[in-house]
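**Student:** Structure for the following, please:
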Amino acid sequence: MRNVLTIWRKELRSYFVSPVAYLLLLMFALIFGFFFWNIVSYFVYEGMESQMRGEMFPMNVNERVVRPLLSNASVVGLFLIPLITMRLFAEEKRTGTIELLVTSPIRDGELILGKWLAALTLYGGLLLLTALNFVWVFKYGNPDWKPLAIGYLGLLLQAGAMLAIGMFISTLTKNQIIAGAATFGICLLLWVLGWASGFETATWASVLSYISVTTHIESFSKGVLDLKDAVYFVTLTFVGIFFTARSLESLRWRS
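**Tutor:** Reported below is the predicted structural model:
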């Protein structure tokens, strides 16, 4: 466990000694802030318009504000996650320090877990920054906090799975641009696979729909905690970490 924490601290520090972490924080804050302003403004506009028409019916803050914001945040993550993972092992291979790592007393599992946790911690920081926007929602509105918490849990589970996939891809090349582009392509493919079930009812379309990330993140954005969706993300995370371990094992043998 000590080695995992050492790797975690080293990787997290490396994000903040370069502009990467600050750029990601700024980008995510600005993009999410614009979404927040746009959605809340439209919500207020709808409320005022309904009052002018004399239609006095309650408007659900969770359904009209929280859910769209969390859905948008999951989409933005597709673009930011490759920027987090592309350097995890590609940079080590480019600088030649990967040989030192794979021949060191540190076990592959400790190295992988430390790097993955550092990437997940950085992404968690991005989500924490977006949560500040919801302070205003709770101050001036009366939303239910439980769907919001479940939505953020879904975003973390989704990020954990995508980060594990990106980490594996980063072990396959020393070029960070290639690693980032390949990670984005795979994540985007997992996102759009569910579209097949929109026009096809065959078994293969149902399988692709189940593999799709959107099928499983949707319930979280609604504030519904479904065990099968949580298991899907945990399984995808395990698969990414497993293939990363096999890739590092091949590097160790070649070293």
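**Student:** what's the next secondary structure element after the lowest-mean-pLDDT helix or strand in the chain?
**Tutor:** None of the helices or strands of the chain scores lower by mean pLDDT, DSSP states H and E than helix 98-102, at a mean of 68. Downstream of helix 98-102, the next assigned helix or strand under DSSP states H and E is helix 108-131.
**Student:** Please point out which parts of the helix or strand just after that next one sit buried.
**Tutor:** As assigned by DSSP H and E, the chain's next helix or strand after helix 108-131 is helix 134-140. By neighbour count on 16 or more other CB atoms under 10 Å, the buried set for helix 134-140 is 134, 137. For the C-beta atoms, the positions are set from N, CA and C on the backbone; glycine is no exception.
**Student:** got a list of contacts for helix 134-140?
**Tutor:** If you take CB atoms under 8 Å, 6 or more residues apart in numbering as the criterion, helix 134-140 is touched by 40, 61, 65, 66, 143, 145, 148.
**Student:** same thing but 7 Å
**Tutor:** Residues from elsewhere that reach helix 134-140 (CB atoms under 7 Å, 6 or more residues apart in numbering): 61, 65, 143, 148.
**Student:** Look at residue 154 and say how many residues are nearby.
**Tutor:** Using other CB atoms under 10 Å, residue 154 has 27 other residues around it.
**Student:** nearest residue to the most centrally placed residue in the chain other than its sequence neighbours?
**Tutor:** The centre of the chain sits closest to residue 159, judged by CA atoms, centre = their mean, with a distance of 2.4 Å. In space, residue 159 comes closest to residue 123 once its chain neighbours are excluded; the distance is 4.6 Å by CB to CB, 6 or more residues apart in numbering.
**Student:** Provide a list of residues in contact with the one you found.
**Tutor:** Neighbour list for residue 123: 84, 159, 163 [criterion: CB under 7 Å, 6+ apart].
**Student:** Give me the pLDDT value at residue 34.
**Tutor:** What the model reports as pLDDT for residue 34 is 90.
**Student:** Can you tell me how far it is from residue 28?
**Tutor:** Going from residue 34 to residue 28 by CB to CB, to the nearest Å gives 11 Å.
**Student:** Could you do residue 124 as well?
**Tutor:** Residue 124 sits 12 Å away from residue 28, going by CB to CB.
**Student:** One more: residue 150?
**Tutor:** Counting by CB to CB, the gap from residue 150 to residue 28 is 21 Å.
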